[in-house]
Every structure is written in structure tokens, then in C-alpha cells.
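Visitor: got a structure for you, letters missing:
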């Protein structure tokens, strides 16, 4: 029973829950960026390069064939076009994360730079200041 309770406490800590939310949102953000790259960015680049579809770029090492029993053996290919697309995905995600961290750190610096108001003097300090001023005037 102790291990179950410890696990429950661990799983319900703020950091673990925040991390889980971050992973879920990160996965969704990755899908959005992949779609942005595949559907918005790569087609114009392909047109500029002469109608090349990057996802179809590949080098065939061994053609597809059939065995003596008639089963199909798939072709062996190196899909470097998909690799190029993945590199672009990564670059966009890394840039977005960098900008997000930069913005968050600027907010943090602004919060640290804001001067705190001086605390009001205590009654004792006020009284001592009045006594000091009276002694100066005599």
C-alpha cells in the first residue's frame, strides 16, 4: 500500500502533470508543423526546383521482386526526400521553441527589473525620525 501511495503522490505533483501536458501539446504542435512543412512550405520549394516532390525522392537499392512461392518482396529504398522534410520540420520546431523561450525569458527579465516599492517605515522608525528632526532644530 505504501508504494501505491508514493506513486500517487509522485504522479500528482505539479511538475509531472505539467510535463505530461507539455508532451501532449508538443505532439500536437509537431503534427501542425509537419503539416505546415509538407502542405505549405515544400510544394512551392518543389515548384521552384522544377516540380520536385520531396516526399517521393528516394534511391532504390533493390527493386521489388517475387519469391518462388509468389510472395512479393518489397523494394529496398533510401527515402532521402522524407529525411529532408524531417530536417525542415525539426528546424521550424526548434526555431519556434527558441522564440518561445526567448519571449518567456524577456517576460521574466521584465518582472525582475521592476523595482519593488520600499516598505513603509515602522512606527518606531517614524518616531525616531521625528526625535532626530527635533534634536536638529534645537
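Guide: Arrived safely, thanks for sending. Predicted model, so just to flag it, every value in this text is computed and none were measured.
Visitor: Quick check: what element follows the longest helix along the chain along the chain?
Guide: If you go by DSSP state H, the chain has its longest helix at helix 80-113. Going down the chain from helix 80-113, the next helix or strand is helix 123-137, by DSSP states H and E.
Visitor: Can you name every helix or strand that that following helix contacts?
Guide: Of the remaining helices and strands, none touches helix 123-137 by 3 or more C-beta pairs under 8 Å, 6 or more residues apart in numbering; DSSP states H and E. The way it works is simple: take the backbone N, C-alpha and C, and place the C-beta from them, glycine included.
Visitor: what is the rounded mean pLDDT of that helix?
Guide: Averaged across helix 123-137, pLDDT comes to 88.
Visitor: quick one: buried residues of it?
Guide: Under the neighbour-count criterion of 16 or more other C-beta atoms under 10 Å, helix 123-137 has nothing buried.
Visitor: what sits up against it?
Guide: Identification of contacts with helix 123-137 by C-beta atoms under 8 Å, 6 or more residues apart in numbering yields residue 121.
Visitor: Just the pLDDT for the residue nearest in space to the middle of the chain.
Guide: Nearest residue to the geometric centre of the chain (C-alpha atoms, centre = their mean): residue 97, 4.2 Å. Residue 97 is assigned a pLDDT of 80 by the prediction.
Visitor: ok so, going back, and the longest helix of the chain, what's buried?
Guide: Buried, per 16+ other C-beta under 10 Å, within helix 80-113: 81, 84-85, 88-89, 92-93.
Visitor: Name the nearest of these relative to residue 3.
Guide: If you rank the buried residues of helix 80-113 by distance to residue 3 using C-beta to C-beta, residue 93 comes first, at 37.5 Å.
Visitor: I'd say the closest one and residue 31 touch.
Guide: No: at 10.9 Å, residue 93 and residue 31 do not qualify as touching, with contact defined as C-beta atoms under 8 Å.
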